[in-house]
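Novice: this is a predicted model, with the sequence first.
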Amino acid sequence: MPANCDEGGAATSLEHALDCKKGGLVTQSHNEVRDVIGDLESVVFKEVVKEPVMQEANEAEGVPSLIADLSIRGVWQPQTVALFDVRVTDTDAPSHSQRVVSAILSSAEEAKKKKYSVAAAYRRASFTPFVVSVDGVLGREANFFIKHLAQKLAHKWEKSNSEVLGWMRARLSIAILRATNLCLRCSRTKWRSAFGMDDGSGLPSISA
């Protein structure tokens, strides 16, 4: 891990590396986990949508748009849409030092429900928070969903539930490890292209 953040020069700590929004690494690490979940869901369910718009923005009333991470039809009930939003939480942050991991993840789940549940119900959909720690610990609802999905996959593949569940947990753990490593070791400085084609300046001058 570098001694200093390459966007701003702040001293790099574990907490800073996992939380620094500059350079888009936190978003990319979040998407690592979201995409694995979406890939697994698409094996069983046909209608899987990334970043579904739950609520359109209304500038006149000061209402922001609300976008979930995934929508899947038929997860909990036939023909009913289930919405999911992912959160990867640093349970080792100093602000959590006096709390147990299960309580931290539970609080994150409740925060997600408070933000999304009303909008989901308005659209006649359900909402499930998918909360995990940077160490790979699943929140209660994420754990329940993984077990539910494993049963569906086991039936489809004619495998045992334990075999499929173990494979799913391993794949998810690898995604979380990649996501954490991305924040800890990758550069937050965006590369600048010398190609110069955005405004046509890279085109050669042609004279008649």
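Specialist: Noted; the coordinates are in hand.

Novice: what pLDDT does the model give the most centrally placed residue in the chain?
Specialist: A centroid search over the chain (C-alpha atoms, centre = their mean) returns residue 30, at 3.6 Å, as the residue closest to the centre. pLDDT recorded at residue 30 is 78.

Novice: that one in helix, strand or coil?
Specialist: Counting by DSSP: H, G, I helix; E, B strand; the rest coil, the backbone at residue 30 sits in helix.

Novice: so how far is residue 162 from it?
Specialist: Distance from residue 30 to residue 162, counting by C-beta to C-beta, to the nearest Å: 29 Å. Where C-beta positions appear, they are placed from N, C-alpha and C, glycine not excepted.

Novice: those helices in the protein, which residues are they?
Specialist: 14-19, 25-44, 101-122, 140-157, 161-185 (DSSP state H).

Novice: ranking those helices by burial, who's on top?
Specialist: helix 25-44 (a mean of 18; mean count of other C-beta atoms under 10 Å).

Novice: still on that earlier bit, out of the helices of the chain, which gets nearest to residue 60?
Specialist: Among the helices of the chain, the nearest to residue 60 by C-beta to C-beta is helix 101-122 (18.2 Å).

Novice: and the closest one, what does it pack onto?
Specialist: Applying 3 or more C-beta pairs under 8 Å, 6 or more residues apart in numbering; DSSP states H and E, one finds that helix 101-122 contacts strand 53-55, strand 66-67, strand 81-89, strand 126-133, helix 140-157.

Novice: would you check that residue 135 makes contact with residue 91?
Specialist: Yes: the criterion here is C-beta atoms under 8 Å, and residue 135 meets it with residue 91 at 6.8 Å.

Novice: which one's more surrounded, these two?
Specialist: Neighbours per residue (other C-beta atoms under 10 Å) separate residue 135 from residue 91, with residue 91 holding more: 18 against 14.

Novice: any stretches of this protein with poor pLDDT?
Specialist: Counting by pLDDT under 70, the chain shows low-confidence ranges at 1-27, 182-208.

Novice: cutoff 80 now
Specialist: 1-30, 62, 92-94, 96-97, 178-208 (pLDDT under 80).

Novice: which strand residues bridge residue 132?
Specialist: Under the criterion DSSP bridges, residue 132 forms beta bridges with residue 88, residue 138.

Novice: separation between it and residue 138?
Specialist: The value you get for residue 132 to residue 138, if C-beta to C-beta is used, is 5 Å.

Novice: quickly list what's touching both of the two.
Specialist: When contacts are counted by C-beta atoms under 8 Å, 6 or more residues apart in numbering, residue 132 and residue 138 have 105, 172 as shared neighbours.

Novice: the residue nearest to the centre of the chain: what's it in contact with?
Specialist: 86, 87, 88, 179.

Novice: residue 147 and residue 164 touch, don't they?
Specialist: No: using C-beta under 8 Å as the test, residue 147 is too far from residue 164 to be in contact (10.0 Å).
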